[in-house]
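S.K.: I need the structure of the sequence given here:
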Amino acid sequence: MKIIHLISGGDSGGAKTHVFNLLRTLNQTERAVMVCFREGPFAQEARALHIPTIVIEKSIPKTYQILKEMIIKEGFEIIHCHGSRGNMMGALLKRACKIPVVTTVHSDYRLDYMGRPLHKVTYGVINSIALRYLDYRIGVSDAMVDLLISRGFQPSHLFPIYNGLDFTPTPSKMTPAEYWRTVGLSADEHSVVVGIAARLSPVKDIATLIHAFAKAVSKAPNLRLLVAGDGELKENLVSLAQELGVSQWVCFPGWISDMTTFYQSIHINTLTSLSETFPYALTEGAREHLPTVASRVGGVPYLIEHGSTGYLFEPGDSGALAEHLVALTQNPALRKQLGDALYEKASRDFSLEATRVRQLSIYNTILRRTARKKSLPRDGILLCGAYGRENAGDDAILDAILLELRSIDPDLPIVVLSRRPKLTQRACRVNSVYTFSFHKFLPQMKKCKLYLNGGGSLIQDVTSHRSLWFYLFTLRAAKKRGCLVMMYGCGIGPIHSPHNQQKAAYYINSYVDCITLRDPHSLQELKEMHVTRPEMIVSADPTVVLSPSSPARIDTLFSQIDLPPRGKYICFSLRKWSGFSEKAPFFAKAAEYAYYKYGLTPVFLPIEPRVDLPATRQVTSLLRIPYAVWEQPFSSSDIIGLFSRMQVVLSMRLHALVFAAGRGVPLIGVSYDQKVNAFLSSVGQDLCFHLEDATTESLSHLIDIAASRIGNTEFLQDAVSKLIQLEMENHLAVKRLLLSQP
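M.R.: Okay, the predicted model is just below:
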């Protein structure tokens, strides 16, 4: 593979380190050439590292011509740009060279020239325009990809990457005490040194660190602060330390080239930026097992899990930062615990080799997609369902379907209809349009090979007649525009209106090629409606294939609401429904019964917070015992992980039961809809009651039975294993359609 990298040649900091590390490792197996647009220390250092480096210091037209001839003559396959000048040249070369152009976005391009208005209206504007013309963009961290999505860049043309670092131990050149004397820091063996290495510019917000240090040193007088770096704000920061009366304990040694010795000479690493991608300061500190306190920005939370691998604070919150500094200063064991945990995660996930492998994977994906565009006139899937409403069940269905589709074809173009397209784009990294944007999805149907009506109980008229008519319309529209049509992992019914039954049967018979159904009851519903033409297969709910988040991540979610991660809990997943208000006191009594008899603290986990929280509050307002409520929406993996920590789950929500069943948790179902009964029956569960039958006595009795099953997962394992096997029918059916001839 031959890649040409374009960069201005005046870069510093994390961007320079990323490019140098990347090209050094890429050239182990590929041909990666770097072109700079100026001679200087950057190009000289690159040559010293044996990176193939060419400098072109010409006018823009002349540089363009030289690069065009070089790229075509030497057969480069990809142009990879960095920074505003590289992006501008890449945009100019794109059409002439007829090869894909990709850029790495190292920082928020709207903040790159913060404090430099002239550069902002020149280089900044040019960069913003050029970014829109390139084929693909690589964000340094998932957070940068999310930022680009929020600004209108298509997720299918975005890739995340993380700054990699060599974690090979480096011997110290001097002791910490020697280093402190060298840089002029007043510290001794009793001192705890807090450090930061950053440009002294507005976006790094070093002032917040100095304010926090001033607050912390009053409680921990052995604290010292070492601020490594240079920049336009240095004099202001020195003055600020004097104004706050802490200048004798703060040292500004200026620009430091030996970062290894710096990190080996501090006890706590910090980062206070207002905006970041994924700074090397974190992994460089992690390499030295340093506990880290960082602002919750950019890709930082992907490495720093609050309370597990470090501490996070909101940007500008000097009070929270000060509290964390004091806690770490006064507890050496905590410093070691967090530092070791951070090292373990960083060395595993953010090594140089991990970055090299990821970058090669991105290149290969780009080349495959470029070739694919030329060979397939009709390609991809349009996926429609009840998505984008922050309903954890529907979102999990989407996650599961996307997981299956990408396992079949990782390059498959996918567009999802969603009520909140930007939310779906960020959460799933998939192109999305508004559900009712007919002018967008109808033309898309002419390009796609397959239309998926995906998951959940879409074909029903209990919640709305209009939604049923809409979904039936899309089946017809897709078939008329040349798509194959599949209903994927569906639940059918109830459809109460005879007219709606006839209409649904007609549309399904006329326009659907294949249906996979999540339970036998749905198959029976279709037969009673006289649906006969499509292939009909009993499968299972798509979400049974999903996995929970890591234990550390789940621990963090518990700590956010001050709950012990390994406590004993009974979970209630309730929803607003006709007749619920009259039954709310019985659920409250049941929660108290479980608490007093079995020591199970009630926690309330809404599947669709907007709809479910009112019902939850009706119950919690009656409680006289400790309880907890998660009010925010969660990702599928997070919510599955939360359910895995429960001893008993009592739920009105189908997917709460599905998530808990997959983790072997005893279940109690509230049957307000036939889909709840159908699922519990499929996993051999007998603890189910109708909402209208709820009483204190009946709920307490069911809790007694469920509590007797705590720890005994065997009664669920076989049934769930069968469901997972059945779910493969969804996978096989969609694969057959995708591989079929047009």
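S.K.: for the helix or strand of the chain with the lowest mean pLDDT, packing partners?
M.R.: Scoring the helices and strands of the chain by mean pLDDT, DSSP states H and E places helix 117-119 at the bottom, with a mean of 74. Helices and strands touching helix 117-119, by 3 or more C-beta pairs under 8 Å, 6 or more residues apart in numbering; DSSP states H and E: there are none. Any C-beta I mention is one placed from the backbone N, CA and C, and that applies to glycine too.
S.K.: Next, the residues that contact the following helix or strand past that helix from outside, please.
M.R.: Remark: after helix 117-119, the chain's next helix or strand is helix 125-133, criterion DSSP states H and E. Helix 125-133 is contacted from outside by 83-84, 87-88, 90-91, 94, 103, 105, 109-110, 112, 137, 153, using C-beta atoms under 8 Å, 6 or more residues apart in numbering.
S.K.: And the average pLDDT for helix 125-133 is what?
M.R.: For helix 125-133, mean pLDDT rounds to 89.
S.K.: from the chain's centre, how far out does it sit?
M.R.: Remark: helix 125-133 is offset 26 Å from the chain centroid, using C-alpha atoms, centre = their mean, to the nearest Å.
S.K.: just the CA coordinates of whichever helix or strand comes after it, formatted as CSV?
M.R.: On the C-terminal side of helix 125-133, the closest following helix or strand by DSSP H and E is strand 136-140. Extracted as CSV, the C-alpha positions of strand 136-140 are listed here (Å, rounded to 0.1, in the frame of the first residue of the first chain):
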residue,chain,number,x,y,z
TYR,A,136,-13.1,10.6,4.6
ARG,A,137,-12.2,12.0,8.0
ILE,A,138,-10.4,10.4,10.9
GLY,A,139,-11.2,11.9,14.3
VAL,A,140,-8.6,11.5,17.0
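S.K.: so where is the stretch 601-742 of the chain shaky, pLDDT-wise?
M.R.: Scanning the stretch 601-742 of the chain for pLDDT under 70 picks out 673, 715, 742.
S.K.: what ranges do the helices span in it?
M.R.: Using DSSP state H, counting those that start in this stretch, the helices of the stretch 601-742 of the chain run over residues 609-620, 636-644, 654-661, 674-682, 696-708, 714-739.
S.K.: about what we covered before: now which of the contacts of helix 125-133 would you call buried?
M.R.: Buried subset of the contacts of helix 125-133 (neighbour count, 16 or more other C-beta atoms under 10 Å): 83-84, 87-88, 90-91, 94, 103, 105, 109, 112, 137, 153.
S.K.: Kindly reformat those as TSV containing pLDDT, secondary structure and distance to residue 128.
M.R.: Output for these, formatted as TSV (pLDDT from 0 to 100; DSSP: H, G, I helix; E, B strand; the rest coil; distance: C-beta to C-beta, whole Å):
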residue	pLDDT	secondary structure	distance to residue 128
83	87	helix	13
84	87	helix	9
87	93	helix	9
88	93	helix	11
90	95	helix	14
91	94	helix	11
94	92	helix	17
103	95	strand	12
105	90	strand	11
109	78	coil	6
112	71	coil	10
137	96	strand	12
153	94	coil	12
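S.K.: What lies in contact with the helix or strand where residue 178 lies?
M.R.: Secondary structure from DSSP H and E places residue 178 in helix 176-183. Under the criterion C-beta under 8 Å, 6+ apart, residues 174, 186-189, 193, 226, 251, 253, 261-262, 264-266 lie in contact with helix 176-183.
S.K.: now swap in stretch 578-586 and tell me
M.R.: 574, 615, 618-619, 622, 691-692, 694-696, 699.
S.K.: Just name the most buried of the helices of the stretch 601-742 of the chain.
M.R.: helix 654-661 (a mean of 28; mean count of other C-beta atoms under 10 Å).
S.K.: got the CA coordinates for that one in CSV?
M.R.: Written as CSV, here are the backbone C-alpha positions of helix 654-661 (Å, rounded to 0.1, in the frame of the first residue of the first chain):
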residue,chain,number,x,y,z
LEU,A,654,-40.6,-6.2,27.5
HIS,A,655,-37.0,-5.3,27.0
ALA,A,656,-36.2,-5.0,30.6
LEU,A,657,-37.3,-8.7,30.8
VAL,A,658,-35.2,-9.6,27.8
PHE,A,659,-32.1,-7.8,29.1
ALA,A,660,-32.4,-9.4,32.5
ALA,A,661,-33.2,-12.9,31.2
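S.K.: ok, back up a step: out of the helices of the stretch 601-742 of the chain, which comes closest to residue 43?
M.R.: helix 636-644 (44.4 Å; C-beta to C-beta).
S.K.: by contact count, what packs against the closest one?
M.R.: Using 3+ C-beta pairs under 8 Å, 6+ apart, helix 636-644 is in contact with helix 392-408, helix 551-560, helix 654-661.
S.K.: Return the most buried member of those.
M.R.: Using mean count of other C-beta under 10 Å, helix 654-661 ranks as the most buried of the helices and strands packed on helix 636-644, with a mean of 28.
S.K.: Quick one: the strands in the stretch 201-350 of the chain, in order.
M.R.: 223-228, 250-254, 268-271, 292-295, 311-313 (DSSP state E, counting those that start in this stretch).
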